[in-house]
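S.K.: This is the structure alone, sequence omitted:
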């Protein structure tokens, strides 16, 4: 709901509400370390800090969540790619990784692997991922603890506030004014759960992380196994095709996050954390005029006629705030379970966006600072690589 | 004694057997979403089909006088073809759903007719096709049975092995109970199709390897 108080008072209120985040982000961006002496690094940190803090301030001042989250989320994803690829080329000389390097544990562990490793870990007490855990449990431990903490605190908000891949299809979904493909059959919105069931069972049967080995579209912009055989060629072909279809073409045509809403098994798995998480998005039936704008806008297909009638979203909701921003009657709001719907909605929103933005800020600040540094490096030296 | 040996080997390898069969059977049971009794019947059909597949190999190996499995001619081609048939059954079952979103009316017709006329034979077929695709526990049993000189003893050993491995599959009908909700049915059917796509790739790779 819009704040109608005079502008100076609104500004002061927004500043005071943002102040804790402004201070927290100062610490997060610098990592609690003294400022770097290298001018390029100093500039990249300053730019990152100002950008993140301004996004949060605008979020508080305007009362619009999705608009500014989306900008930061897309920038974060692009910066992740801009940082990751040059990093690989610096350390390895290529985006591809050999089988020998994989066995030696040089594959970074990312959260997408979590659902496919659980069943084999329970059955065979083996983590079927040739990643960094071979050099020690710190990287996998960090990712698992981070994921668990965020899941308990925020549920599937991870997918719109933490995942460093989600911003890519969100970015493409923002290009163009109107969707060309308007109706996606409801049946296909269950596909992520089917992919989850299939990859979990096949991972247990073959003792390989099936999603990483065969289905991850983001291998196209991160790293992939070197093409040395027909199998690795097919795998590379699948990665590129899925990336083109799910992250680029379908988001352009539908203006939705099709990788996140129609395919990602991690997202499906993450949906279950919405069941025990305290935050949800609710629709106030007394204000709703059944215009259907939220249904059309939801990037992950989490609202339909049935859910509107029930006054809630589907369990796949990523709490991105799009429907909250778009509802012309202010009928949709962030909500804390156990409290009345639509009452103190702004308080519930602030209680949600503080931890959610902190996650995005912490995860994003490092990537954005590193990417800005690469750009400055490009401008000053003519190369992204040191 | 021969039966007991097979049984013990089956029990010991039950976990692996479960992991091998679950990708085929679990999505099917979820997709059908029937009563526990019907799920048990489906499981029985699947296991029966698997047993027939096992016995076919045992008899084939005995007939060709080569109890060692590696001696069977064109084995990769046979497995590849069987895997492709299995994959096609799963893909038709999984993606050619009988709802309004389906555009492949011909495929939908096949699926609908199959399920309406011969519902019991779908899990039997899946079991048979799974049975004629070797998995690690099956190879282990085959090598163990190679020491037995008579066909009867070999079949008895396989029967024991089959019963032992089947114990670990017994809880699966309970998993199928989740499929009584319409959404879970949809997920189960789609998952069958996704697993089918993987098997299709595996089968094609096996066939290509046989030709080269």
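M.R.: Good, I have the coordinates. Source: prediction; values computed, not measured.

S.K.: Give the other helices and strands that the helix or strand hosting residue A:47 contacts.
M.R.: Using DSSP states H and E, residue A:47 falls within helix A:39-62. Packed against helix A:39-62 by the contact rule (3 or more Cβ pairs under 8 Å, 6 or more residues apart in numbering or on different chains; DSSP states H and E) you find helix A:7-30, helix A:66-92, helix A:345-381. In this view, the C-beta of every residue, glycine as well, is placed from N, C-alpha and C.

S.K.: List the contacts of that helix.
M.R.: The contact list for helix A:39-62, computed with Cβ atoms under 8 Å, 6 or more residues apart in numbering or on different chains, reads A:10-11, A:14-15, A:17-18, A:21-22, A:25-26, A:29-30, A:35-36, A:64-65, A:68-69, A:71-72, A:75, A:350, A:353, A:357, A:361, A:364-365, A:368-370, A:372-373, A:376-377, A:380.

S.K.: That one - what's its average pLDDT?
M.R.: Taken as a whole, helix A:39-62 has a mean pLDDT of 95.

S.K.: how about the helices and strands packed on helix A:39-62 in TSV, adding distance to residue A:265, mean pLDDT and mean neighbour count?
M.R.: Output for the helices and strands packed on helix A:39-62, formatted as TSV (distance: least, Cβ to Cβ, whole Å; pLDDT from 0 to 100; neighbours: other Cβ atoms under 10 Å in any protein chain shown):
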stretch	distance to residue A:265	mean pLDDT	mean neighbour count
helix A:7-30	30	92	15
helix A:66-92	19	91	19
helix A:345-381	21	92	19
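
S.K.: right, and these - which one's nearest residue A:175?
M.R.: Residue A:175 lies closest, by Cβ to Cβ, to one member of the helices and strands packed on helix A:39-62: helix A:66-92, at 10.7 Å.

S.K.: report the angle between the axes of the closest one and helix A:345-381?
M.R.: Relative orientation of helix A:66-92 versus helix A:345-381 (axes from the mean of the first three to the mean of the last three Cα atoms, to 10 degrees): 40 degrees.

S.K.: Show me what secondary structure element comes after helix A:66-92.
M.R.: Proceeding N to C from helix A:66-92, the next assigned helix or strand is strand A:96-97, under DSSP H and E.

S.K.: Given that next one, what are its sheet partners and their directions?
M.R.: Strand pairing for strand A:96-97, using DSSP bridges, gives strand A:224-225 (parallel).

S.K.: Give me the contacts around the strand it pairs with.
M.R.: Against strand A:224-225 from outside (Cβ under 8 Å, 6+ apart): A:95, A:96, A:97, A:98, A:99, A:102, A:232, A:235, A:236, A:239.

S.K.: which of the residues you listed lies closest to chain B?
M.R.: Nearest to chain B out of those is residue A:235 (Cβ to the nearest Cβ; 10.1 Å).

S.K.: from what I can see that closest one touches residue A:212, true?
M.R.: No: Residue A:235 lies out of contact with residue A:212 (Cβ atoms under 8 Å); the separation is 9.9 Å.

S.K.: Between these two, tell me which one has more neighbours.
M.R.: Each of residue A:235 and residue A:212 has its neighbours counted (other Cβ atoms under 10 Å in any protein chain shown); residue A:212 has more, 26 against 20.

S.K.: ok, back up a step: could you dump the helices and strands packed on helix A:39-62 into TSV with distance to residue A:273 added?
M.R.: Below are these laid out as TSV (distance: least, Cβ to Cβ, whole Å):
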stretch	distance to residue A:273
helix A:7-30	24
helix A:66-92	19
helix A:345-381	14
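
S.K.: Looking at those helices, which is nearest to chain B?
M.R.: Of all those, it is helix A:66-92 that lies closest to chain B, at 25.9 Å by Cβ to the nearest Cβ.

S.K.: If you count contacts, what does that closest one end up packed against?
M.R.: Looks like helix A:66-92 contacts helix A:39-62, helix A:158-161, helix A:166-173, helix A:322-326, helix A:345-381 (3+ Cβ pairs under 8 Å, 6+ apart).

S.K.: Nearest to residue B:207, out of the helices and strands packed on helix A:39-62?
M.R.: helix A:66-92 (35.6 Å).

S.K.: Just checking the distance from that closest one to the centre of its chain.
M.R.: How far helix A:66-92 lies from its chain's middle: 11 Å, per Cα atoms, centre = their mean, to the nearest Å.

S.K.: Same check on stretch A:336-354?
M.R.: Mean-position distance between stretch A:336-354 and its chain equals 22 Å (Cα atoms, centre = their mean).

S.K.: which parts of the host helix or strand of residue B:209 are buried?
M.R.: Secondary-structure assignment from DSSP H and E places residue B:209 in helix B:182-211. Residues of helix B:182-211 classed as buried: B:184-203, B:205-207 (neighbour count, 16 or more other Cβ atoms under 10 Å in any protein chain shown).

S.K.: and chain A, which of these contact it?
M.R.: Contacts with chain A within the buried residues of helix B:182-211, counted by Cβ under 8 Å from any Cβ of the partner chain: B:186, B:187, B:188, B:189, B:190, B:191, B:193, B:194, B:195, B:198, B:201, B:205.

S.K.: What is the burial count for the residue nearest to the fifth one when sequence neighbours are not counted?
M.R.: Counting by Cβ to Cβ, 6 or more residues apart in numbering or on different chains, residue A:194 is the residue found nearest to residue B:190 once chain neighbours are left out, at 3.3 Å. Residues within reach of residue A:194, counting by other Cβ under 10 Å, total 28.

S.K.: again with the one 5 residues further on
M.R.: Close neighbours of residue A:199, defined as other Cβ under 10 Å, add up to 27.

S.K.: Next: residue A:168.
M.R.: When counting by other Cβ under 10 Å, one arrives at 28 neighbours for residue A:168.

S.K.: residues from chain B in reach of chain A?
M.R.: Contacts of chain B with chain A, taken as Cβ under 8 Å from any Cβ, map to B:15, B:19-20, B:22-23, B:26-27, B:30, B:97, B:99-101, B:183, B:186-191, B:193-195, B:198, B:201, B:205, B:208.

S.K.: one more time with 6 Å, if that's ok
M.R.: Residues of chain B lying close to chain A (Cβ under 6 Å from any Cβ of the partner chain) are B:15, B:19-20, B:22-23, B:101, B:186-187, B:190-191, B:194-195, B:198.

S.K.: Now the two most distant members of the residues you listed.
M.R.: Using Cβ to Cβ, the two most remote members of the residues of chain B next to chain A are B:15 and B:101, lying 37.5 Å apart.

S.K.: Compare neighbour counts for those two and give me the winner.
M.R.: Taking other Cβ under 10 Å, residue B:15 and residue B:101 do not tie; residue B:15 has more neighbours (15 against 11).

S.K.: about what we covered before: pLDDT check: weakest of the residues of chain B next to chain A?
M.R.: Confidence by pLDDT is poorest for residue B:101 among the residues of chain B next to chain A, given 45.

S.K.: which stretches of chain B have low pLDDT?
M.R.: B:33, B:58, B:60-75, B:97-120, B:132-137, B:139, B:142-149, B:176, B:179-180, B:212 (pLDDT under 70).
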